[in-house]
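Asks: My questions concern the predicted model and sequence given below.
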Amino acid sequence: MTNYLKTASEVPTPTRESAPDESGNLEHLLQVCKDASDGAARIAELLSLDNDPDAAEVFHNISTERTDFARRLSLMLTKSGHQDATDAKSTFRGRLFRWRLQIAKHLPVGYHDVDDRRFLLHLARRGSDLVTNAYADAESRPLGPRARQEVHRQAEAVRAANRNVHRLAANA
């Protein structure tokens with residue numbers, strides 16, 4: 001008679017692939033770029049209201065660049081046949097960032113409020129770090145040659161922008 005009962009250690013554990021496929025990587029970066037574009041545009045708007053046109057221009061340029069990156073990633077996904085309803089998605093961190101900006105506009109956050117340049121640049125630095133980390137993560141995952149080249153090109157620009165945001169935040 002066969003014993004069909006197994007102990008917990010004998011039951012194979014279902015494994016999940018840890019690295020998503022190329023389209024999953026690109027879709028995630030697409031959403032990160034959309035969130036980064038929205039966040040940078042909002043920071044630029046608030047800095048221009050604070051009469052800081054130089055910093056506002058930096059964030060306007062970042063927003064424009066992230067919009068272009070999202071467009072290029074979207075085209076790559078469309079050409080590969082993997083563009084599915086990504087327009088309605090947003091990353092959790094992106095939603096959290098926008099929520100924090102909206103709340104801060106109406107309530108002081110700690111010792112700062114959203115009109116405080118130092119506070120805005122601190123938030124921008126944190127957001128920029130998240131984008132930089134998302135690109136570093138995407139570069140370490142499986143990508144085809146064309147996608148790898150595009151992601152690497154974008155990652156270089158993201159790292160350069162991140163250094164600028166850190167400089168602005170340090171001098172605030």
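Replies: Happy to help now that I have it.
Asks: and the closest residue to Ala157 other than its chain neighbours, what helix or strand is that in?
Replies: Using Cβ to Cβ, 6 or more residues apart in numbering and skipping residues adjacent in sequence, the residue nearest Ala157 is Glu65, 6.4 Å away. Bear in mind the C-beta positions are built from the backbone N, C-alpha and C, glycine included. Element membership for Glu65 (DSSP states H and E) is helix 53-79.
Asks: Which positions in that helix come out as buried?
Replies: Residues of helix 53-79 classed as buried by neighbour count (16 or more other Cβ atoms under 10 Å): 55-56, 58-60, 62-63, 65-67, 69-70, 72-74, 76-77.
Asks: Can you verify my assumption that Ala136 contacts Ala155?
Replies: Yes - the criterion here is Cβ atoms under 8 Å, and Ala136 meets it with Ala155 at 7.0 Å.
Asks: more neighbours, the two?
Replies: Just comparing Ala136 and Ala155: by other Cβ atoms under 10 Å the higher neighbour count belongs to Ala155, 19 against 12.
Asks: any idea of the angle the strand or helix carrying the more buried one forms with helix 53-79?
Replies: Assigned by DSSP H and E, Ala155 falls within helix 145-170. With axes from the mean of the first three to the mean of the last three Cα atoms, to 10 degrees as the basis, helix 145-170 and helix 53-79 are set at 160 degrees to each other.
Asks: what's Leu26 sitting at in phi/psi?
Replies: phi -70, psi -40 (degrees, to the nearest 10).
Asks: Tell me who's in contact with it.
Replies: Going by Cβ atoms under 8 Å, 6 or more residues apart in numbering, Leu26 touches Leu73, Met76, Leu77, His82, Ala138, Leu143, Ala147, Val151.
Asks: Just put those in TSV and tack on distance to Leu120 and pLDDT.
Replies: Shown next, in TSV, are these (distance: Cβ to Cβ, whole Å; pLDDT from 0 to 100):
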residue	distance to Leu120	pLDDT
Leu73	27	92
Met76	33	89
Leu77	32	87
His82	36	59
Ala138	27	94
Leu143	34	90
Ala147	34	92
Val151	29	96
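Asks: can I get the residues you listed in a markdown table with distance to Asn164?
Replies: As requested, the contacts of Leu26 are exported to a markdown table (distance: Cβ to Cβ, whole Å):
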| residue | distance to Asn164 |
| --- | --- |
| Leu73 | 22 |
| Met76 | 26 |
| Leu77 | 28 |
| His82 | 32 |
| Ala138 | 21 |
| Leu143 | 26 |
| Ala147 | 26 |
| Val151 | 20 |
